[in-house]
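K.L.:
heads up, no residue letters with this:
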């Protein structure tokens with residue numbers, strides 16, 4: 001009979017959790033009963049703000065700087081946080097970056113920066129986390145935050161799409177390799193979310209019109225965090241290798257999908 005793996009450590013690391021989806025995720029996991037390791041690249045004040053919210057939820061929090069362009073050394077932070085938290089049960093790879101440059105104009109330096117932060121870094125962090133989870137032998141969760149552009153291209157985002165597409169397939173391979181050990185590996189693929197990365201930080205998404213999205217608005221970071229928290233829970237033990245799109249229906253639009261549409265005429269058929 002297959003072994004049960006539902007007693008993994010109630011500790012989580014959320015990379016890039018100084019703001020946006022990362023912050024919302026750290027707080028959601030704290031409210032779900034996890035102690036949380038928070039990482040940031042440059043916004044130490046933002047990271048401490050996240051930590052304060054985690055502690056308000058009654059959980060422990062440890063903060064560390066992690067710059068995923070400084071590889072492979074940056075991945076050591078996963079080991080450091082796991083040691084200080086007293087274990088590791090969940091990793092959420094949320095740190096990311098991007099550029100808006102046509103492929104023919106993308107410099108090698110910019111290409112490598114995006115691939116390092118959005119693909120190389122998550123690979124190394126997931127690898128470190130998986131080793132901790134395997135050594136503990138109690139199962140666990142790895143959740144990679146990708147993008148709708150894991151699934152659909154966007155003009156001017158060649159490096160970003162390549163990295164997120166690669167991370168999506170890495171997610172599936174790791175899911176195959178780790179499932180028998182009770183470790184699930186899933187991706188969460190947000191669409192346009194009201195964060196600093198999309199120019200909508202601190203904006204109520206219900207006040208922003210997006211005619212090209214069926215829901216008619218951007219998403220809220222908490223709506224993404226809720227899906228991540230579900231995947232991190234013991235009840236999601238049979239969900240692995242999937243990409244959970246959180247986009248208000250944008251990808252349903254096919255070739256006409258996009259937050260750039262200025263009219264809702266498409267709704268008329």
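P.N.:
Thanks, I have it. All of these numbers come straight from a predicted model, not from anything done at the bench. Numbering: from 1, shown residues only.
K.L.:
Just list whatever residues bridge to residue 93.
P.N.:
On DSSP bridges, the residues paired with residue 93 through beta bridges are residue 144.
K.L.:
Pretty sure it sits against residue 122.
P.N.:
Yes: with the criterion set as Cβ atoms under 8 Å, residue 93 and residue 122 qualify as a contacting pair; they are 4.0 Å apart. No exception for glycine: its C-beta is placed from N, CA and C like everyone else's.
K.L.:
so what's in contact with the two at the same time?
P.N.:
Counting by Cβ atoms under 8 Å, 6 or more residues apart in numbering, the contacts common to residue 93 and residue 122 are 15, 144, 167.
K.L.:
neighbours of the second one, just the number please.
P.N.:
Here the number of neighbours of residue 144 (other Cβ atoms under 10 Å) works out to 27.
K.L.:
what packs against the helix or strand encompassing residue 115?
P.N.:
Residue 115 is located in helix 108-115, with elements delineated by DSSP states H and E. Under the contact criterion of 3 or more Cβ pairs under 8 Å, 6 or more residues apart in numbering; DSSP states H and E, the helices and strands touching helix 108-115 comprise helix 158-178.
K.L.:
Report the angle between the helix it packs on and helix 108-115.
P.N.:
Here helix 158-178 points in a direction 40 degrees away from that of helix 108-115 (axes from the mean of the first three to the mean of the last three Cα atoms, to 10 degrees).
K.L.:
now for helix 158-178, which elements pack on it?
P.N.:
If contacts are counted by 3+ Cβ pairs under 8 Å, 6+ apart, helix 158-178 sits against helix 108-115, helix 121-136, strand 140-145, strand 183-190.
K.L.:
okay, the ones you listed in TSV with distance to residue 89 and mean pLDDT next?
P.N.:
As requested, these are exported to TSV (distance: least, Cβ to Cβ, whole Å; pLDDT from 0 to 100):
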stretch	distance to residue 89	mean pLDDT
helix 108-115	28	96
helix 121-136	8	98
strand 140-145	5	98
strand 183-190	10	98
